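test case, fold it:
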Amino acid sequence: MVDDRGRGVRLARRGEGAYCWYVTEEQRSQPGCVGREGDRLRHSMALKCQAMRLWSALWVLPALLVACASASDLILSVSISNESLKVTDGAFGGSLSGSFQLQLTLGSEANGSTEVSLGKFELQTEAGAFLANLDDATPEPMFPIQLNKGESKRVLFTLKDIGVDRDEACAGRVRIVGSVTDTLKGGTDPVQSGTITPDCS
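Just a heads-up that it's a prediction; the model follows:
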């Protein structure tokens, strides 16, 4: 209620039937206001909900970061580059020489270090037919190779006087196909180069 001078009179007490939903913010703070305790309760519950949401975010965030990591950040990546192949006439048919590089990279989010061992490598036609065994290629550095997470190493393979059918090797494009074994994965990682046109001059 308001007197004829426009100033608010004292709000009736709880027993007199006063409810804060129908009064001003100033009157709501007066003693005897039924809604004042409800406001405090709602404010307290809102603070608790905000705290719970914050803690939930702190627990979920690490899981989201792991989920957002790309696959290459978790495993060993293997690739072949800088291929150079030359086929010449040899005493017993064609002779293959040249080199290629094997790039080994262990992801920065991998679950520990790994030891990489050399598998079988061979030269194939573009269609996948066997041309030559590359087991006699010389790697530098030698295998096995240790890698810590986030670490990369490049291995240079040198080919010298490897027997090959010259006509088949020079008939079209070829590729290098092979594999390495990875102790962190506990299995084999296949790898192949892009197609290569050997020097047959």
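
contacting residues around stretch 91-98?
83-89, 123, 132, 159-167, 169, 198 (C-beta atoms under 8 Å, 6 or more residues apart in numbering). The way it works is simple: take the backbone N, C-alpha and C, and place the C-beta from them, glycine included.

try it again at 6 Å.
84-88, 132, 159-162, 164-166 (C-beta atoms under 6 Å, 6 or more residues apart in numbering).

same question for stretch 75-83.
100-107, 114, 176, 180, 182, 189, 191, 193, 196.

sec struct for S72, please.
helix (DSSP: H, G, I helix; E, B strand; the rest coil).

can you give me phi and psi for the closest residue in space to it that isn't next to it in sequence?
Distance criterion C-beta to C-beta, 6 or more residues apart in numbering; nearest residue to S72, sequence neighbours excluded, is G107 at 5.6 Å. With angles defined as degrees, to the nearest 10, G107 sits at phi -60, psi 150.

from P198, how far out is G107?
G107 sits 34 Å away from P198, going by C-beta to C-beta, to the nearest Å.

again, but for V164
For V164 relative to P198 (C-beta to C-beta), the value is 9 Å.

please apply the same query to F157.
With distances taken as C-beta to C-beta, F157 is found 15 Å from P198.

how about G150?
Distance from G150 to P198, by C-beta to C-beta: 36 Å.

surely T114 and D182 touch.
Yes. In this structure, T114 is within contact of D182 by C-beta atoms under 6 Å, at 5.4 Å.

what about those two, which has more around it?
T114 (23 against 20; other C-beta atoms under 10 Å).

angles on the backbone of the more buried one, please.
With angles defined as degrees, to the nearest 10, T114 sits at phi -150, psi 160.

still on that earlier bit, who's in contact with the residue nearest to S72?
S72, D73, L74, I75.

give me the buried subset of those.
Among the contacts of G107, those buried by neighbour count (16 or more other C-beta atoms under 10 Å) are D73, L74, I75.

can you put those residues in TSV and add pLDDT and distance to T138?
Output for the buried ones among the contacts of G107, formatted as TSV (pLDDT from 0 to 100; distance: C-beta to C-beta, whole Å):
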residue	pLDDT	distance to T138
D73	86	32
L74	91	32
I75	94	27
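
which of these lies closest to A137?
Of all these, A137 sits closest to I75, with 25.0 Å by C-beta to C-beta.

endpoint to endpoint, stretch 194-201 covers what distance?
The first and last residues of stretch 194-201 sit 21 Å apart, counting by C-alpha to C-alpha, to the nearest Å.

quick one: mean pLDDT over it.
The pLDDT scores in stretch 194-201 average 96.
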